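Predicted structure and sequence below. I'll ask about it afterward.
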Amino acid sequence: MAELNPPVRRAALSRHQAIGLALLLAGACALPFVVSNYRVFQFTLALVYAIALLGLNMLTGYNGQISLGHGAFYAVGAYTAAILMDRFGVPYWLTVPVAGAVCLVAGFLFGLPALRLEGVYLALATFALAVAMPQLLKYKGLEEWTGGVQGIVIVKPDAPPWSGLSQDQWLYFVVLGFALVLFGFGWNLLRGRIGRAMVAIRDQPIAARAMGVNTAMVKSMTFGVSAMYTGIAGALGAIVIQFVAPDSFTLFLSISLVVGVVVGGLASIPGAIYGGIFIQFIPNIADQISKAAPWAIYGIFLIVFMYVMPTGVAGFVRLVASRLPGRRPR
């Protein structure tokens, strides 16, 4: 079983970690030039999911609030970008921060009444949000904007002529740029005073209130920031896929995000990347293994991951790294 309250590591990057991060970034920049356009498309979506998982991990891993409805915020971000591009001709890059702002407000407002709910009760409230969202997007009164069951088709952005890149390569670097900014912001947020307040509320809410932490504001703000990350991911995902429709944002998307957070590692920033890779590639691998029962294979993969790595991939990587020669356990 995954660790519910994993420790938060606040130490600055060591020299080895900085070198590893630089090598990882160099590999990420070289990736679209050594694989096919389809693989570039897949890795782009993995980055999109990683952004969404980082937002959900802030809420669940760091703040202890369980959400089964973040697929709804992903949908709001995707439709915000699609409507702005299709109806108003807004540049694709500008729709992303707008989608994030819309979801920030929506998440904060949803978090206010959710303050009265804890644990499974909050999970059920967010579950209702995920169930209702596809039906709301199909509502006749909104069909003029959302396209109803037909959805909205988005024109794929062209790469600037000076770049010499294909469309898929360009979108990969656009998503990578947003991911670097958001992961950097998340890193600083979680290592600072607000991040410590999040963890204090998760571990000892009564003690946090006694120390003067405004638990209501921190929890609502965390919900808003978490929704913002997920909305930005939804906008980027819509631009990459070039299409949005209500049936793309069912409850299964919300469940997949929760699975990605747990598999990647709770309260872990790198865990969001591992979880994004899991969400994007494991279903495809399962489908290649068995066309007749791909979700049975997916379930087996999930059981194996949880059995072998109960603290997630990030926890497993930390354990292996701590046992390397010359490394002291942390």
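Cool, got the structure. Residues are numbered from 1 along each chain as shown.

Just the helices from the stretch 1-150 of the chain, written as ranges.
Remark: helices assigned in the stretch 1-150 of the chain by DSSP state H, counting those that start in this stretch are 15-30, 37-57, 70-88, 92-114, 119-137, 143-146.

Which of those has the lowest mean pLDDT?
Note on the helices of the stretch 1-150 of the chain: helix 15-30 shows the lowest mean pLDDT, a mean of 88.

In contact with the spatially most central residue of the chain, which residues?
Centroid-nearest residue in the chain, with C-alpha atoms, centre = their mean: residue 52, separated by 1.5 Å. Neighbouring residues of residue 52 by C-beta atoms under 8 Å, 6 or more residues apart in numbering: 70, 74, 229-230, 233-234, 257, 276. Where C-beta positions appear, they are placed from N, C-alpha and C, glycine not excepted.

So which of these sit within strands?
Secondary structure assignment (DSSP state E) places none of the contacts of residue 52 within strands.

who wins for neighbours among those residues?
Greatest neighbour count in the contacts of residue 52, by other C-beta atoms under 10 Å, goes to residue 233: 36 neighbours.

gap between the residue nearest to residue 255 when sequence neighbours are not counted and residue 183?
Ranked by C-beta to C-beta, 6 or more residues apart in numbering and with sequence neighbours excluded, the top spatial neighbour of residue 255 is residue 68, at 7.0 Å. For residue 68, the distance to residue 183 (C-beta to C-beta, to the nearest Å) stands at 24 Å.

mind checking pLDDT for residue 325?
The score at residue 325 is 74. That number is its pLDDT.

how many neighbours does it have?
Residue 325 has 4 nearby residues by other C-beta under 10 Å.

Can you tell me how far it is from residue 24?
To residue 24, residue 325 is 22 Å away according to C-beta to C-beta.

got it, and residue 231?
Per C-beta to C-beta, residue 231 is found 26 Å from residue 24.

In terms of neighbours, single out the busier of the two.
Set residue 231 next to residue 24 and count neighbours by other C-beta under 10 Å: residue 231 wins out with 36 against 12.

mind listing what that one touches?
Applying C-beta under 8 Å, 6+ apart, the residues near residue 231 are 73-74, 76-77, 80, 99-100, 102-104, 106-107.

Equivalent analysis for residue 277, please.
Residues in contact with residue 277 (C-beta under 8 Å, 6+ apart) are 46, 50.

and the closest residue to residue 160 other than its chain neighbours, what is it in contact with?
Excluding its sequence neighbours, the residue lying closest to residue 160 (C-beta to C-beta, 6+ apart) is residue 170, at 7.5 Å. By C-beta under 8 Å, 6+ apart, the contact set of residue 170 is 157-160, 163.

Let's see that with 10 Å instead.
Residues in contact with residue 170 (C-beta atoms under 10 Å, 6 or more residues apart in numbering) are 32, 40, 156-160, 163-164.

Need the mean per-residue confidence for the host helix or strand of it.
Using DSSP states H and E, residue 170 sits within helix 167-191. Helix 167-191 shows a mean pLDDT of 96.

And stretch 223-234, by the same measure?
For stretch 223-234, mean pLDDT rounds to 98.

Could I get the CA-only coordinates of that stretch as PDB?
Output in PDB follows, covering the C-alpha atoms of stretch 223-234 (Å, rounded to 0.1, in the frame of the first residue of the first chain):
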ATOM      1  CA  PHE A 223      -7.200  23.500  -4.400                       C
ATOM      2  CA  GLY A 224      -7.100  26.500  -6.700                       C
ATOM      3  CA  VAL A 225      -3.400  26.100  -7.600                       C
ATOM      4  CA  SER A 226      -3.900  22.400  -8.200                       C
ATOM      5  CA  ALA A 227      -6.800  23.100 -10.500                       C
ATOM      6  CA  MET A 228      -4.700  25.700 -12.300                       C
ATOM      7  CA  TYR A 229      -2.000  23.200 -13.100                       C
ATOM      8  CA  THR A 230      -4.600  20.700 -14.300                       C
ATOM      9  CA  GLY A 231      -6.400  23.300 -16.400                       C
ATOM     10  CA  ILE A 232      -3.100  24.300 -18.100                       C
ATOM     11  CA  ALA A 233      -2.400  20.700 -18.800                       C
ATOM     12  CA  GLY A 234      -5.900  20.400 -20.300                       C
END
